[in-house]
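>>> give me a 3D structure for the following:
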Amino acid sequence: MSVTYTATLKNTRLNAVTTAIGASGFIQIGTAGMASILATIPLAATAAPAASGGVLTFTMPQSDNSADATSPAAAEARIVTSALATVASGLTVGISGSGADVILDSVSITAGQTVTLNSAAITHG
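You can find the predicted model right below:
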């Protein structure tokens, strides 16, 4: 048997993520297991509007104008504060239509390129 939360409680928990990010957080894009950070994308000053229906949808689009490293397969993401403290990790990364948490313009990243975050959302289980 699994625990079930009301929509109000799910939204409250997700809104706590926005609070924890603060006024200047980032989404870091990495390889599997975050072994290598490929891009660090700044979030908007208000990272996300209030959660709705158990989903926290981040303000988009945002970009990293100069990727940190090269990989043909970005695989994972995490959300960090301005001090790089992890707020949420284990987010999936993909392209449009993939069903991933974080949608990029491409999962193939080359150091120095612009990486655009098309959308990002966390869905409460």
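>>> helix or strand for the residue nearest the centre of the chain, which one?
The centroid of the chain falls nearest to residue 27 when counting by Cα atoms, centre = their mean (4.7 Å). Using DSSP states H and E, residue 27 sits in strand 26-30.
>>> what does that strand contact?
For strand 26-30, contacts defined as Cβ atoms under 8 Å, 6 or more residues apart in numbering pick out 34, 36-43, 58, 62, 64, 74-80, 82, 84, 91, 93, 102, 104, 109, 115, 117, 120. C-beta here means a position set from N, CA and C on the backbone, and glycine is covered the same way.
>>> ok, stretch 117-125 next?
Residues from elsewhere that reach stretch 117-125 (Cβ under 8 Å, 6+ apart): 5, 10-11, 13-14, 17, 27, 41, 51, 54-58, 60-63, 77, 88, 91, 96, 101-105.
>>> right, I'll call it a day here.
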